[in-house]
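Chemist: pasting a predicted model and its sequence here:
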Amino acid sequence: MSLVVKNLWVFRGGRTVVEDVSFSTGREFVLVAGPNGAGKTTLFLAVLGLVPYRGEICVEGICDEKRAARVGYVPQRVEFEASITVWEYVYLAARFRGVRDAEKATEEALKAVELYNLRDKPVAALSGGQRQRAAIARALAVDGGVLLLDEPLANVDPQGRLELMSLLRELKKDRTILMTSHELTMPSDLTDKVLLLNKRLIAYGPPDEVLREEVLSKVYRYVRVAKTPMGYVCVTEDYAHPH
Amino acid sequence: MRILIEAISVAAVVAALIHAYLYAPLLFWPLVSLTASATVLAALSPLAISRRMTFLAHAQGHSILTAALAAAIPAAAVAQGLTSHLFYLFTLLFVIILNLLVLATERLGFRKDVATGVVMSFQLTAAVALLYVIRYFHSTTLDPLSLITGEYVLVTWRDVAVQLPPLLLAAMFPLAYGIRYLYAAVDELFAEAVGVRARLLDKLFVVSMSLAVAGSVYTLGSLMPAVLLVLPGAVASRYSHRLTDQIPLSVSFAVFSAAAAHFLYTALPWLWPSAALGVVMLALLAIAPRRGK
């Protein structure tokens, strides 16, 4: 198994944010779902060792802080006002992580996301979709098999989404990918499993088992699910954030 | 572009040093001191800008004034001047304490700008009180104005020797961690995920800033270090969108400005060199290309 989480508890600011979560995943695409404040981002930060936690997290058999070197991470929000080119954005991360041939890793990552030709452009000049691809390239340049994507579809236009989905289909062939998203509408050929979180693990399994109204209604106030030939279309509304 | 700017800057400062050495020997060591101070402050400038610490950088004007005034009192009490090691030591100590006070105030739950403002308010209050203490007890040995404007023309090689250690120490931070710190400003969370300890670097940066302003106060006074912590980085960001260009360009513009300030001062003796340096930096900013082009 590529990522194993056992009895994970995370406390932040005197609150319990993640409560006794256990799951394991192999080379597959896992959609991490849940309402606002469910602990999705905190789960990622714990995997990266950036927040104190109780429990066990192992990446490819490595259970201490060295496991972070095997994880690529695309954060929820990235500052793009700074002066930085696409190449530097990816290359410097690889260099800081200590990737042996950082230049080659950067080149391969940028080619994988089809941004190599834009490597000398400032990141701030990229479109929303291109920025997300740059962030994914950065994660690819430092990753060792597990890729954590935190809300990569937010602020991306429909064309950018299609490009991202297509890229993720390619990447999941030889990686474990965990992706958080507020939207549960996902192509069925992309999503292998859905992890439904609301501080506790509510459900974890194939989309057919988790993306059901009776399961989702445990954490969402309003739920409608429809299965189409392309995938699932889910309409949900948080308890804490009704429209 | 970067190589051209660096070459012009080096040529300008070499010309200014030769000019000072041959035609205005009294200004040679002041120019060396001005260039060294401007170089180190400018190396820190992109870091202050990218890390959104320009308000804190500007607060250095208040920090260094308060610290220098506080240091001048024990120095004057033992009949030591503003170039004594004792004065530098006390200034450095006080400015580091005042700067770390901002981070401590932040931990009370204030945002960085509010925490900086709160500490600045304390510093201004203390500065006014200290100015009157100096006027009351040490009016014959100390001119408080020299703490604000600097003593440019009185700088000798001995003063440069005293200034260099704190300036060199301050330069260590941008040399060793400059790129990492700039990268942390782009994306702190990701930077931490790849092993950049942004919070620790914040503290080291504040200490480096303190060393730089303390090392340059005798030449630049208490106001201009704050300007040099902001303007060179702002100018550099207009000339290149490469992260790795920011520090070299910032230093190049500051070095060029120091050289230009020397020539301006020799031509217009009423224009104090540190102010002339600020004028040149502002002119460079005004003629800079628009960002991203």
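Modeler: Received it, and whenever you're ready, just let me know what you need.

Chemist: give me the residue at the spatial middle of chain A.
Modeler: Compute the mean C-alpha point of chain A, and by C-alpha atoms, centre = their mean the closest residue is A:Leu149, 2.0 Å away.

Chemist: secondary structure class of that one, three-state.
Modeler: At A:Leu149, secondary structure determined by DSSP: H, G, I helix; E, B strand; the rest coil is strand.

Chemist: same check on the one 5 residues further on?
Modeler: Using three-state DSSP as the criterion, the local structure at A:Ala154 reads coil.

Chemist: just read off the phi/psi values of A:Val223.
Modeler: Main-chain dihedrals, A:Val223, degrees, to the nearest 10: phi -140, psi 130.

Chemist: mind listing what the residue nearest to B:Val78 when sequence neighbours are not counted touches?
Modeler: Closest residue to B:Val78 apart from its sequence neighbours, by C-beta to C-beta, 6 or more residues apart in numbering or on different chains: B:Leu86 at 6.9 Å. No exception for glycine: its C-beta is placed from N, CA and C like everyone else's. Neighbour list for B:Leu86: B:71, B:74-75, B:78, B:80 [criterion: C-beta atoms under 8 Å, 6 or more residues apart in numbering or on different chains].

Chemist: and for A:Tyr91?
Modeler: A:Tyr91 neighbours (C-beta under 8 Å, 6+ apart): A:102-103, A:106, A:141.

Chemist: any idea how far the strand or helix carrying B:Ser274 is from the chain center?
Modeler: In this structure, B:Ser274 sits in helix B:273-286 according to DSSP states H and E. Chain-centre distance of helix B:273-286: 14 Å, with C-alpha atoms, centre = their mean, to the nearest Å.

Chemist: just the mean pLDDT for it, thanks.
Modeler: For helix B:273-286, mean pLDDT is 91.

Chemist: could I get the buried residue list for that helix?
Modeler: B:273-278, B:280-281, B:284 (16 or more other C-beta atoms under 10 Å in any protein chain shown).

Chemist: again, but for stretch A:58-69
Modeler: A:58-59, A:67-69.

Chemist: repeat that for stretch A:13-22.
Modeler: Result for stretch A:13-22 [16+ other C-beta under 10 Å]: buried residues A:17-19, A:21.

Chemist: can you flag which of those belong to helices?
Modeler: Among the buried residues of stretch A:13-22, no member falls in helices (DSSP state H).

Chemist: list the buried residues for the strand or helix carrying B:Tyr136?
Modeler: Using DSSP H and E, B:Tyr136 maps to helix B:112-137. Residues B:112, B:115-120, B:123, B:126-127, B:130-131, B:134 are the ones in helix B:112-137 that count as buried (16+ other C-beta under 10 Å).

Chemist: helices or strands next to whatever helix or strand comes next after that helix in the packing?
Modeler: Beyond helix B:112-137 on the C-terminal side, the first helix or strand identified by DSSP H and E is helix B:144-149. Contacts defined by 3 or more C-beta pairs under 8 Å, 6 or more residues apart in numbering or on different chains; DSSP states H and E place helix B:144-149 against helix B:54-77, helix B:112-137.

Chemist: switch the ones you listed over to CSV; also include distance to B:Leu189 and mean pLDDT.
Modeler: CSV is the format used below for the helices and strands packed on helix B:144-149 (distance: least, C-beta to C-beta, whole Å; pLDDT from 0 to 100):
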stretch, distance to B:Leu189, mean pLDDT
helix B:54-77, 21, 79
helix B:112-137, 17, 84
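
Chemist: for the ones you listed, which one sits closest to chain A?
Modeler: Of all the helices and strands packed on helix B:144-149, helix B:54-77 sits nearest to chain A, with 13.2 Å by C-beta to the nearest C-beta.

Chemist: and the helix or strand following the closest one with helix B:112-137, angle?
Modeler: Next helix or strand after helix B:54-77 toward the C-terminus (DSSP H and E): helix B:85-106. Interaxial angle of helix B:85-106 relative to helix B:112-137 (axes from the mean of the first three to the mean of the last three C-alpha atoms, to 10 degrees): 150 degrees.

Chemist: show me what counts as buried in helix B:85-106.
Modeler: Applying 16+ other C-beta under 10 Å to helix B:85-106 flags B:87-88, B:90-92, B:94-96, B:98-99, B:101-103, B:105-106 as buried.

Chemist: now the angle from it to helix B:54-77?
Modeler: 140 degrees.

Chemist: averaged pLDDT, helix B:85-106. What do you get?
Modeler: Here the average pLDDT along helix B:85-106 is 83.

Chemist: many thanks, have a good one.
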